[in-house]
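Chemist: Return a 3D structure for these sequence lines:
(chains A, B, C and D)
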Protein chains: 4
Amino acid sequence: MELNGVEIEDTFAEAFPIKISRILITAATKRWATVAAQEATGFGTSVIGCPAEAGIEKYADASETPDGRPGVYIQFCTFGFKSLEEQLLERVGQCILTAPTTAVFNGLPDAEKQFDTGRKLKYFADGTESETEVGGRKMHVIPMMEGDFLVEDTLGAVTAIAGGNFFIFGDTQMTTLTAAENAVDAIGAVDGTITPFPGGIVASGSKAGANKYKFLKATANEKFCPSIKDKVEGSEIPADVNCVYEIVINGLDFESIAKATEMGIRAAVAVPGIKKITAGNYGGSLGPHKFNLHDLF
Amino acid sequence: MELNGVEIEDTFAEAFPIKISRILITAATKRWATVAAQEATGFGTSVIGCPAEAGIEKYADASETPDGRPGVYIQFCTFGFKSLEEQLLERVGQCILTAPTTAVFNGLPDAEKQFDTGRKLKYFADGTESETEVGGRKMHVIPMMEGDFLVEDTLGAVTAIAGGNFFIFGDTQMTTLTAAENAVDAIGAVDGTITPFPGGIVASGSKAGANKYKFLKATANEKFCPSIKDKVEGSEIPADVNCVYEIVINGLDFESIAKATEMGIRAAVAVPGIKKITAGNYGGSLGPHKFNLHDLF
Amino acid sequence: MELNGVEIEDTFAEAFPIKISRILITAATKRWATVAAQEATGFGTSVIGCPAEAGIEKYADASETPDGRPGVYIQFCTFGFKSLEEQLLERVGQCILTAPTTAVFNGLPDAEKQFDTGRKLKYFADGTESETEVGGRKMHVIPMMEGDFLVEDTLGAVTAIAGGNFFIFGDTQMTTLTAAENAVDAIGAVDGTITPFPGGIVASGSKAGANKYKFLKATANEKFCPSIKDKVEGSEIPADVNCVYEIVINGLDFESIAKATEMGIRAAVAVPGIKKITAGNYGGSLGPHKFNLHDLF
Amino acid sequence: MELNGVEIEDTFAEAFPIKISRILITAATKRWATVAAQEATGFGTSVIGCPAEAGIEKYADASETPDGRPGVYIQFCTFGFKSLEEQLLERVGQCILTAPTTAVFNGLPDAEKQFDTGRKLKYFADGTESETEVGGRKMHVIPMMEGDFLVEDTLGAVTAIAGGNFFIFGDTQMTTLTAAENAVDAIGAVDGTITPFPGGIVASGSKAGANKYKFLKATANEKFCPSIKDKVEGSEIPADVNCVYEIVINGLDFESIAKATEMGIRAAVAVPGIKKITAGNYGGSLGPHKFNLHDLF
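Modeler: Numbers count the residues shown, from 1 in each chain, chains lettered A, B, ... in the order given. Have a look, this model is predicted:
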């Protein structure tokens, strides 16, 4: 199958269950909401070595938020609700409560699972806290040096999906990076999804385990490494390909990740010099969620 | 004492020792270096609840880096060398090695303490790694999907200083935030320092311990909270002040933090509506480093 | 009438007919599309002293453009079709054709008035030009140093509306500027409109003519100048107001400007410290288009 | 001659005299100074079709400006002092006076040629203007809706140099664009110079006159157009080159342009895939200023 003249391999991306909490940060301006969101979602690429996977999902106009201010939705992901609650408390408490002009709203108010993160953060007020309502949400008011910080009483979480993915093969690194950047931008328009790696892009797609250094859980996937394609037996890198970027997608449900994968691939193949799109899986052994690339178009 | 008509209180900022590691990230462009730096320094405001304090120190032009590419210096800070080494390995491995087009150089090559972080990261190559030299630096070459990732053999660390600070009192929140933003920008021009909070600014300056909720190590400093100034006995907030932002500065030595404090305050008092500058201390009981505000001018 | 506790004056904005051409710039990435758009729409605040009024209308995702690349819609406005055609040729030729990776599509393909700007620009190819079709559009292919520049055969224009406006009164300059910034961001989500002034904001709202310097067509409206409110007879500036920003809106039709005015005002009044919203008119003598503020809510 | 393995052709860039005025814009923050600078320097790539060439020279920290606020230096260039004065008045009056929070200072206070632009702009105040002194500069105070706009009495200009240049040949468009971006960033660190084209980059380097369409003053230089290299006799494009970008540099004197050319080329050749650097001249017939590439290293 070809899209814009680029081969889409007949394979599937394999994804797995994860727990996701989603919150809405509002602030004095879109820029200050972004500052808080970047701090809160940093050190959040992969649960292999980060305490959480995290990313910006989408911006909300002033007309779309409970307090009428510009906002941004972010997601935090870990494998269990216990670790997720810890991360929520720490990241909201250390990176958003501390940031200029922010407020925090529940981004999954209808979820069954609700953490009482707001109710815990109010203790920072040391007895001066109060309650109010904003747009029908129960908010805790925490007097601080800059003024009042408002946080919703509970923050919701769901069992969702991590590890949606696809790979972009290109002629040069800069061509492939441009395609990856556009893919991430296109995914940014799809509600419910995040791309947790730096700038949304993975430069170092890995295989599970190791050939040589068995003490590692994940190592470089040498069959997809262009600089050693002539030295590695069974290299998957064609002669005219010199770079591969992977896009990893987490999201609230199957449909949003499927849509994100489609939009990302469409944007990538529009870049001249892109040679092939494929996806990563473990032969079906890892996750229950399979995204067949050919079914997306 | 007054500066540009603004009262500078006769007090001092009290700071304390911390361990700092400093690295140089280079990338294909300044923008991609920044993407990696933001991911690596996120979730890094305060060691009270973050695994490290971290921030961007300064940008380096292409002419100032070992590989002739644009770069950015970042700092990681924790209380001990052991936790610092762990954070280095995780943040470089998960947030920079994974980011598009980056390389990592030692930002403190002359420090006595050197971690073999690069030597450990090479294991990700699973036997395909090699060594090279760039600008006199010993580098490990790790083949990856995007091409080769280069990381210097060791990354240095020193005992340095955290907790330099000053407070900006202003008439409205937006006025005070503008002064804080300009202070952070001015500090950005001082080598050796970072401002680890979101956007460099602390919205929630705290006191040690608590009056009511004794299970907390730090709570809002109610005497500096404008929204409750009429309810709190002994409030330090004047009638014409409605917002306070704190700037926290970590740095490699006393001189750089002193200079940063001076430059930050000068930029802040240039904003109309700023009423007073002061600083935070624990009466001298906490740290050995004292920055007398009046000595800076 | 009050909105979020802020007085909305019972008055109207008076707007007038103008000619608008609208084009779609696509580029390798959203960022490069923006670079071209900023250059092409610069020196374009007011036809009083600029050769055109110009601005960015909205971004288009890769899925929404004829060539599948990220894009941005911009508008150019002058009083006559002749000057508009000149501005189109010069601004597209000097600021977009010259910019990295761009292509130009007709943003008003259904308009009756069509300029043959693309057909003229092909002469730059000096005989090496050719034709192609992209997404059903007739395109001229102009070989250049970077590769091929594509521009659609014709670019459309319509008689539209300039001078939609409202005024934001606030307690301090920084508060009012924040409200203005948010208003401009909110208007950015309304299709068909631009805010041509720097950052979308007018710092220097004027009156027609002059009291003293009669050789000027427009001068500062002293009754709305906070710094001289105590010296000017009949000042319209209340005691608690120290800054006024005006937002000027051009757009393709009445409905889009009305919606933009509504969304802008809603975003502005959400900022604490905003005291009043009003609008500018000439008593109905200038333009046929009247936007009654009270009718918008 | 080779630099980082890239051929530097033995040729020279030919440049010519131009008039340059240089001003310093300060604002509430660096971001708002940039907003005004972008508006004022837009529609300013080439005097072939723009009313002026214009660009951002460099940023100034709060400690480096007369009013202690963040600032940015910009340059305007035209062929004569008369047109330059007109452009100054229009661009400062329409794009900076109208922009939020700005002030304008003379960027060439020691130049012999001084325009009384500030003295003329004060008429906008319609009789409410006054005078003050800031950092030893004579300033006109113009009450406006946002507060007071300050502009220095005179703005200086000099006879300087336009048309410094070099060409970057690369394997793909994205590779070459990255090198061009880095070249522009590196030039940004050299005082006294601007790169007036969009993002500092020329996608459409031209030859004087035309082969076929004689009514044009400049047309595409077909010998440097990669997409037609196989059809054009005497093409200068090697087989492995698919993109060429030109960087054009204006500056206050020969030394600054020479330094900018050197720094730009050094940054460009650090990008893998760059094949050759050359420069444009007219055989010495055009300008008195010659920048021999080999003399720069």
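
Chemist: Please, which helix or strand holds A:E57?
Modeler: strand A:53-60 (DSSP states H and E).

Chemist: So what does A:K82 have for phi and psi?
Modeler: phi -70, psi -50 (degrees, to the nearest 10).

Chemist: which residues touch the residue of chain A found nearest chain B?
Modeler: Nearest residue of chain A to chain B, counting by CB to the nearest CB: A:G42, 0.8 Å away. Heads up, the C-betas are built off the backbone N, CA and C, glycines and all. With contacts defined as CB atoms under 8 Å, 6 or more residues apart in numbering or on different chains, A:G42 is in contact with A:54, A:95, B:38-44, B:95.

Chemist: Of these, which is the nearest to C:G234?
Modeler: Comparing these against C:G234 with CB to CB places A:C95 closest, at 50.4 Å.

Chemist: and the closest residue to A:L3 other than its chain neighbours, what does it touch?
Modeler: Leaving aside its sequence neighbours, A:L3 sits nearest to A:V269 (CB to CB, 6 or more residues apart in numbering or on different chains; 4.9 Å). Neighbouring residues of A:V269 by CB under 8 Å, 6+ apart: A:3-6, A:179, A:277, C:68.

Chemist: Inside strands: which ones of those?
Modeler: A:3, A:6, A:277 (DSSP state E).

Chemist: and the first one, what are its bridge partners?
Modeler: In other words, A:L3. With DSSP bridges as the criterion, A:L3 is bridged to A:V6.

Chemist: Break chain A down into its domains, please.
Modeler: A:2-14+A:161-296, A:17-158 (automatic domain parsing).

Chemist: quick revisit: angle of the helix or strand following the strand holding A:E57 against strand A:53-60?
Modeler: As assigned by DSSP H and E, the chain's next helix or strand after strand A:53-60 is strand A:71-78. If you take axes from the mean of the first three to the mean of the last three CA atoms, to 10 degrees, strand A:71-78 sits at 160 degrees to strand A:53-60.

Chemist: Name every strand pairing with strand A:71-78 and say which way it goes.
Modeler: Applying DSSP bridges to the sheet, strand A:71-78 is found paired with strand A:12-26 (antiparallel), strand A:53-60 (antiparallel).

Chemist: Now render the ones you listed as JSON lines, adding mean neighbour count and mean pLDDT.
Modeler: Below are these laid out as JSON lines (neighbours: other CB atoms under 10 Å in any protein chain shown; pLDDT from 0 to 100):
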{"stretch": "strand A:12-26", "mean neighbour count": "24", "mean pLDDT": "97"}
{"stretch": "strand A:53-60", "mean neighbour count": "23", "mean pLDDT": "98"}
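
Chemist: I'd like those strands as CSV, with distance to B:R91 appended.
Modeler: Below are those laid out as CSV (distance: least, CB to CB, whole Å):
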stretch, distance to B:R91
strand A:12-26, 21
strand A:53-60, 14
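
Chemist: Pull the contacting residues for the residue in the stretch 1-150 of chain A positioned nearest to chain C.
Modeler: The minimum distance from the stretch 1-150 of chain A to chain C, using CB to the nearest CB, falls at A:G68 (3.6 Å). Counting by CB under 8 Å, 6+ apart, A:G68 touches A:62, C:4, C:266-267, C:269-270.

Chemist: try 7 Å
Modeler: Contacts for A:G68 (CB atoms under 7 Å, 6 or more residues apart in numbering or on different chains) come out as A:62, C:4, C:266, C:270.

Chemist: Just list the residues touching A:I20, thanks.
Modeler: The neighbours of A:I20, taking CB under 7 Å, 6+ apart as the test, are A:75, A:77, A:157-158, A:160, A:250, A:252.

Chemist: Which of those sits closest to D:F169?
Modeler: Distance to D:F169, by CB to CB, is smallest for A:N250 among the contacts of A:I20, at 41.5 Å.

Chemist: Thank you, goodbye.
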